[in-house]
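Chemist: I would like to see how this sequence folds:
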Amino acid sequence: MTSDVAADRTTAPAPVPLRPTGTPRPSEVMAALGIVQLGDPMLTTGTRPFDLPRERDEALRILDRLTATADAVERVHDFVGGQMGLAAPQIGESRSIAIFRSAGVPQLALINPRVIEVGPASHSDWAEDTEGCLSFFDFRCTFRRPRTAVISYLTPAGDEAVARFTHGRLARDVLHEVDHLYGVLCVDHIESGAPGLSVA
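Modeler: Numbering: from 1, shown residues only. All right, here's what the predicted structure looks like:
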């Protein structure tokens, strides 16, 4: 199965400036919704792949948790770009599954995802942009990522599938979620000495 999606180690961030009294920081809001926060080893440890279809029930259990948590996040935060993702380690599950949502298309469940192609070939032609993470939502990271990505994954039934992300923002965001499953955070992509962190 192939789908096309078209539309456009751990460094602790510095303290966040104080907000008005009684106003929670974005990271505090996410923590209250059950999102694992920066500093928890769950976020920097690789996940265990699923053996499908044998572990289908376990995959569906975690998928239900991811979906419910993403629904809760969307009730309190408006994603201006129209897309968001959430990976199993961010809800305390060390398994290789993530979800990705983009406006106007059904939620995509990525089980045992692998990046099989990115473009352009030259790093210098990749797009420099910012990205946020629900696990340290007070900050945004700025660095280069590919403009396109092809991801292979399994469906809950164990069928092999491929998704093509043909525009930069979507490619960036889905690669962010796949990274989570390998214990890689967006702060890990910031080059040493680069001013890559900004307050969200």
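Chemist: Could you pull up the contacting residues of residue 195?
Modeler: Residues in contact with residue 195, defined by C-beta atoms under 8 Å, 6 or more residues apart in numbering, are residue 142. C-beta coordinates here come from the backbone N, C-alpha and C atoms, glycine included.
Chemist: let me redo that: residue 48
Modeler: Shown in contact with residue 48 (C-beta under 8 Å, 6+ apart): 94, 95, 96.
Chemist: for the protein, what's the longest helix?
Modeler: With secondary structure taken from DSSP state H, the chain has its longest helix at helix 56-76.
Chemist: Just want the angle from the next helix or strand after that one to helix 56-76.
Modeler: Beyond helix 56-76 on the C-terminal side, the first helix or strand identified by DSSP states H and E is strand 83-87. Counting by axes from the mean of the first three to the mean of the last three C-alpha atoms, to 10 degrees, strand 83-87 points 140 degrees away from the direction of helix 56-76.
Chemist: Neighbouring strands of the following helix or strand past strand 83-87 in the sheet, and parallel or not?
Modeler: Once strand 83-87 ends, the next helix or strand along the chain (criterion: DSSP H and E) is strand 97-102. Paired neighbours of strand 97-102 in the sheet (DSSP bridges): strand 83-87 (antiparallel), strand 108-119 (antiparallel).
Chemist: Out of those strands, which gets nearest to residue 50?
Modeler: Closest approach to residue 50 among those (C-beta to C-beta): strand 108-119, 5.6 Å.
Chemist: Let me see the mean pLDDT of that closest one.
Modeler: Per-residue pLDDT over strand 108-119 has a mean of 98.
Chemist: Check the strands paired with strand 97-102 for me and report the most buried one.
Modeler: Compared across the strands paired with strand 97-102, strand 83-87 shows the largest average neighbour count, a mean of 23 (mean count of other C-beta atoms under 10 Å).
Chemist: How about residues contacting it?
Modeler: 7, 66, 69-70, 73-74, 97-103, 134, 169-170, 173-174, 176-177, 180-181.
Chemist: for stretch 149-160, same thing?
Modeler: Residues outside stretch 149-160 that contact it (C-beta under 8 Å, 6+ apart) are 1, 50, 52-53, 56, 59-60, 63, 109-119, 161-165, 171, 174-175, 178.
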